[in-house]
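1. Structure for this input, please:
(2 chains)
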Amino acid sequence: MDLNATLLGQMLAFGVFAWFCMKFVWPLLLDIIEERQTQIADGLAAADKGNRALEEAEAEKQAILEAARTQAREIIDQANTRASGIVDEARGEAGNEKERILASAHAEAEQDANRAREELRGQLGALAIAGAEKIIQREIDANAHKDLLDRLAAEI
Amino acid sequence: MASEGGTKTGGEFIEHHLQNLQLCKGDDGWVWNVKEVCSGNFWAFNVDSMVFSLILGLFFATLFSYIVRNASRGVPNRMQALIEVVFDFVNGSVKDTMHGTSRLIAPLALTIVVWVFFMNLMDLLPVDLLPRILELFGVHYLKVVPSTDPNITFGMSISIFLLILYYSFREKGVGGFVVGELMMNPLNPRDLGVPKLFWPLVCAFNFILESVAMLAKPLSLSLRLFGNMYAGELMFILIALLFGSILTPSIANIGLGVVGAVLHFLWAVFHILVVSLQAYIFMMLTIVYLSQAKEAH
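-> So this is what the prediction gives:
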């Protein structure tokens, strides 16, 4: 248990190991850890930034949605107005068309009636003559009374 | 207790275990463990302490440099994480204690805490394990715990003391350190209003006081570690005595063996605390002393 030269050996060894640690261990380790620290700090900052960007994007999205909604509402309103306008217009046009068609139909009907009346008048003359011919055949010469009968037919 | 062909008494067993393997320089060359040559001879080496100390130091150096060299800058693996925990612990201790930075103190503290921890940890090996194995190879004395050798602890504390002196002189200058620090404290003649005539007296008194305080630093540093580990080792040896006669079974011997086993377990568990605590204290005090030396009071 005496102090002896082991002391010197240990001092030397201590010096060597401490020097070794100072040279080859500590600075490298410090470097690694500090680099990782900055990496982590950067990562956290980036994450923060990302979050903020996300929030901003969210707000922007809301604004855009709102604008789109308003615009859509306006378009729908416009379309509605326009649609009712078109319907009114169509209704008016259809009314006019109806009037026109009705009028032409009336006119046609009247023409038809007049034509039928003319025809009937002609046929009635012929019938009357035929009847009269049959009645008078025995006593009256058709030729003798022809002009009389024509006059009659024209009068009818 | 049976060894070397004969049985030893308890006292011999203890004595044998507390004897270093020594290589001493006698009048006619170097001799192994000759009491007459070795005792009181400065030119003697405690080969076992030296070898284990070097092996553990090399283990520390290679382990750390290997892992640091293969370290990942991104995600560390488990071993790297362990080393970084130790690193952070030492770095934190240094930063908490010291103002400013030093290129030397932090790595020195790392070396001390890991190395001393490893040396102390040897205490947890069964006391007879390595000595018995090496006895087969003709080595008759072996102490496996380097920190139970005062040469080892003093070797470190004296180195630290030299560093304290170096820093003190470098940071404060010869005058600042010797006069300002050692002579004007703790009784400052200027503040006390002592007449100039008596200043040398007060200064001499201060110098004696402060020198003792100064010398107490390495002394307490090494004796604390040595004392704790030596006592712990002695306890293990004493407990090992309880197992001693288990080879000749009798109820009493088996009873002693059981008691010894329980005691050994309890003491080993407690010793885990002592081992790490002493390494921590040695490191912490080194940091404190060196940072004191660097800073003016």
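2. Could you give the residue of chain A that lies closest to chain B?
-> Proximity of chain A to chain B (C-beta to the nearest C-beta) peaks at A:Gln10, 2.8 Å away. In short, each C-beta sits where N, CA and C put it, glycine included.
3. buried residues in the helix or strand where that residue lies?
-> Using DSSP states H and E, A:Gln10 maps to helix A:6-20. By 16 or more other C-beta atoms under 10 Å in any protein chain shown, the buried positions in helix A:6-20 come out as A:6-7, A:9-11, A:13-15, A:17-18, A:20.
4. Also stretch B:33-41?
-> B:33, B:37-38, B:41.
5. Relative to chain A, which of the residues you listed is nearest.
-> Among these, B:Asn41 lies closest to chain A (C-beta to the nearest C-beta), at 6.7 Å.
6. Please name the nearest non-neighbouring residue to that closest one.
-> Of all residues not flanking B:Asn41 in the chain, B:Cys24 sits nearest, at 5.3 Å (C-beta to C-beta, 6 or more residues apart in numbering or on different chains).
7. what helix or strand is the one you found on?
-> strand B:22-26.
8. where does the chain have low pLDDT?
-> Just so you know, I chose chain A. A:1, A:137-142, A:144 (pLDDT under 70).
9. that's the other chain; I wanted chain B
-> B:1-8, B:245, B:296-297.
10. 90 - rerun?
-> B:1-48, B:69-77, B:97-104, B:125-144, B:170-206, B:237-261, B:292-297 (pLDDT under 90).
11. That one: strands as residue ranges?
-> Ranges of strands in chain B, per DSSP state E, are B:2-3, B:6-7, B:22-26, B:29-32, B:44-46.
12. Following the chain past the biggest helix by length in chain A, name the next helix or strand.
-> When chain A is parsed with DSSP state H, its longest helix is helix A:26-136. Counting by DSSP H and E, the next helix or strand C-terminal to helix A:26-136 is helix A:146-155.
13. Buried residues in that following helix, which are they?
-> So for helix A:146-155, counting by 16+ other C-beta under 10 Å, buried means A:Leu149.
14. got the contact list for that helix?
-> A:125, A:128-129, A:132 (C-beta atoms under 8 Å, 6 or more residues apart in numbering or on different chains).
15. Tally up the residues packed near residue 122, please.
-> Using chain A. If you count neighbours by other C-beta atoms under 10 Å in any protein chain shown, A:Gly122 ends up with 12.
16. actually chain B
-> B:Met122 has 21 nearby residues by other C-beta under 10 Å.
17. How about B:Val86?
-> 15.
18. returning to that earlier point: possible to save the strands of chain B as CSV with mean neighbour count?
-> Formatted as CSV, the strands of chain B follow (neighbours: other C-beta atoms under 10 Å in any protein chain shown):
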stretch, mean neighbour count
strand B:2-3, 13
strand B:6-7, 11
strand B:22-26, 19
strand B:29-32, 12
strand B:44-46, 27
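19. Which residues are in contact with B:Glu210?
-> Per C-beta under 8 Å, 6+ apart, neighbours of B:Glu210: B:181-183, B:185-186.
20. let's see 10 Å
-> Counting by C-beta atoms under 10 Å, 6 or more residues apart in numbering or on different chains, B:Glu210 touches B:178, B:181-186.
21. of all the residues you listed, which two lie farthest apart?
-> B:Val178 and B:Pro186 (15.6 Å; C-beta to C-beta).
22. Name the residue in those two with the higher neighbour count.
-> Taking other C-beta under 10 Å, B:Val178 and B:Pro186 do not tie; B:Val178 has more neighbours (15 against 9).
23. so the more buried one makes contact with B:Asn185?
-> No: the pair B:Val178 and B:Asn185 does not pass the contact test of C-beta atoms under 10 Å, sitting 11.7 Å apart.
24. list the residues that contact both of these two?
-> B:207, B:210.
25. buried subset of the contacts of B:Glu210?
-> Applying 16+ other C-beta under 10 Å to those, the neighbour count classes B:181-184 as buried.
26. got CSV for these, with distance to B:Asn91 too?
-> Below are the buried ones among the contacts of B:Glu210 laid out as CSV (distance: C-beta to C-beta, whole Å):
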residue, distance to B:Asn91
B:Glu181, 28
B:Leu182, 32
B:Met183, 36
B:Met184, 35
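27. nearest to B:Glu171, of the contacts of B:Glu210?
-> Looking across the contacts of B:Glu210 and measuring by C-beta to C-beta, the closest to B:Glu171 is B:Glu181, at 10.3 Å.
28. Quick check: residues of the stretch 101-250 of chain B near chain A?
-> Within the stretch 101-250 of chain B, the residues that sit near chain A (C-beta under 10 Å from any C-beta of the partner chain) are B:103-112, B:114-115, B:146, B:148-160, B:162-163, B:226, B:230.
29. By proximity to chain A, which residue of chain B wins?
-> Counting by C-beta to the nearest C-beta, chain B gets nearest to chain A through B:Gly155 (2.8 Å).
30. can you pull the contacts of the closest residue to that residue other than its chain neighbours?
-> Leaving aside its sequence neighbours, B:Gly155 sits nearest to A:Gln10 (C-beta to C-beta, 6+ apart; 2.8 Å). Counting by C-beta under 10 Å, 6+ apart, A:Gln10 touches B:46, B:49-50, B:53-54, B:57, B:146, B:149, B:151-156, B:158-159.
31. Pull the number of nearby residues for A:Ala90.
-> Around A:Ala90 there are 10 residues (other C-beta under 10 Å).
32. Same check on the one 10 residues further on?
-> Taking other C-beta under 10 Å as the neighbour definition, A:Arg100 ends up with a count of 10.
33. how close does it sit to B:Gly173?
-> 125 Å (C-beta to C-beta, to the nearest Å).
34. Over to A:Glu35?
-> Distance, A:Glu35 to B:Gly173, using C-beta to C-beta: 38 Å.
35. can you check B:Phe282 too?
-> Note on B:Phe282: its distance to B:Gly173, by C-beta to C-beta, is 29 Å.
36. Please say which of those two ends up with more neighbours.
-> B:Phe282 (26 against 12).
37. Give me every residue in chain A lying close to chain B.
-> A:1-33, A:35-36, A:39.
38. Spit out the contact partners of residue 21.
-> In the absence of a named chain, this looks at chain A. Here A:Cys21 is in contact with A:27, A:29, B:57, B:60-61, B:64-65, B:104, B:106-112, B:114-115 (C-beta under 10 Å, 6+ apart).
39. please go with chain B instead
-> Contacts of B:Leu21 by C-beta under 10 Å, 6+ apart are B:32-33, B:45-51, B:131, B:134, B:139-143.
40. These: which two are farthest apart?
-> Of all pairs drawn from the contacts of B:Leu21, the one with the longest distance (C-beta to C-beta) is B:Phe45 and B:Pro131, at 18.2 Å.
41. what number of residues lie near residue 81?
-> With no chain named, the answer covers chain A. Other residues close to A:Thr81 by other C-beta under 10 Å number 10.
42. wrong one, I was asking about chain B
-> Neighbour tally, B:Ala81, other C-beta under 10 Å: 10.
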